[in-house]
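Asker: Need coordinates for the following:
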Amino acid sequence: MSSNSWTEADKTAIQKYYGQSLEELRPETFHQLRKQLLAKYHPDNFEKFDDETIREMATERFQMLEELNKKIEWHFEGKLSVTSAKDRAFHPHAQFAFDKLKIEIITSDKDLKYHLFGTFYRWLVFGDKFKIPDTKASIIIDEDHQGSSIGYRETIRMYLTFNTEDAVETIVDWLFQKINGRAGSLIIHGDVVEVDYDAMLRAVKQTTFLQIGPG
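Answerer: This is a model prediction of the structure:
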């Protein structure tokens with residue numbers, strides 16, 4: 001197990017023992033489960049087996065867990081070296097911002113665009129802007145949309161702008177609640193993304209990662 005960066009083996013072990021990915025694991029969950037895991041897999045629990053091989057395997061697993069836990073602690077403290085943009089995007093102190101992130105929503109729901117922009121069925125005009133509630137973030141429509149068409153599929157093209165003061169989770173939750181069950185496909189920054197909160201959050205964070213801020 002490498003001591004200064006994450007390996008695929010590390011991430012597989014985190015998923016196996018903690019039941020979630022490194023990106024999803026929160027400090028409070030980690031500290032709670034760590035105590036349970038160390039108690040469950042402590043070598044003393046395997047002394048009852050009169051088998052030296054089993055005891056050695058138990059000791060090795062316990063040592064692996066201790067090392068893994070140490071790396072997770074470093075991760076939450078911002079001390080662990082991360083080498084990929086994907087990892088940095090899920091650092092506890094990661095900051096995000098983007099000017100005009102392109103989002104395309106393919107839908108057969110003729111009302112969806114109006115619910116997104118809150119225009120109550122008037123025509124949408126190129127450049128129309130809507131502020132996302134509880135944030136300073138905004139979306140801008142990319143083209144004119146008329147409200148008279150019925151029974152069709154269309155692509156709603158818009159641009160999302162936000163800064164480091166905005167919570168990405170709040171933005172993504174708002175968008176997910178608007179399009180869930182109504183969008184056939186979703187494209188973020190040119191990549192097809194599942195209409196799922198976690199998938200959308202990953203895509204937005206990985207695309208808009210700016211820097212790791214102070215702890």
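
Asker: Would you map out the domains in this protein?
Answerer: The record assigns the chain these domain ranges, following automatic domain parsing: 8-89, 95-210.

Asker: Ends of the longest one, what's the gap?
Answerer: Spelled out, that is domain 95-210. End-to-end distance for domain 95-210, by C-alpha to C-alpha, to the nearest Å: 6 Å.

Asker: cool, and the shortest one?
Answerer: By C-alpha to C-alpha, the extent of domain 8-89 from end to end equals 17 Å.

Asker: What's the separation between the closest residue to residue 45 other than its chain neighbours and residue 71?
Answerer: In this structure, residue 45 finds its nearest non-sequential neighbour in residue 58, 7.4 Å apart by C-beta to C-beta, 6 or more residues apart in numbering. (Glycine included, C-beta is placed from N, CA and C.) According to C-beta to C-beta, to the nearest Å, residue 58 stands 21 Å off from residue 71.

Asker: Repeat that for residue 104.
Answerer: The gap separating residue 104 from residue 71 is 38 Å, by C-beta to C-beta.

Asker: between the two, who's got more neighbours?
Answerer: residue 71 (21 against 17; other C-beta atoms under 10 Å).

Asker: Do I have it right that the more buried one meets residue 11?
Answerer: No - using C-beta atoms under 8 Å, residue 71 makes no contact with residue 11, being 10.7 Å away.

Asker: quick one: furthest residue from the center of this protein?
Answerer: residue 50 (45.9 Å; C-alpha atoms, centre = their mean).

Asker: Check whether that residue sits in a helix, strand or coil.
Answerer: State at residue 50, reduced to three classes by DSSP: H, G, I helix; E, B strand; the rest coil: coil.

Asker: which residues sit in contact with it?
Answerer: Taking C-beta atoms under 8 Å, 6 or more residues apart in numbering, we find residue 50 in contact with no residue.

Asker: and residue 159, what element?
Answerer: Per DSSP states H and E, residue 159 falls inside strand 154-162.

Asker: That strand pairs with which strands?
Answerer: Taking DSSP bridges as the criterion, strand 154-162 sits next to strand 98-107 (antiparallel), strand 138-141 (antiparallel) in its sheet.

Asker: Of all these, which one comes closest to residue 188?
Answerer: With C-beta to C-beta, the closest approach to residue 188 among the strands paired with strand 154-162 belongs to strand 98-107: 5.6 Å.
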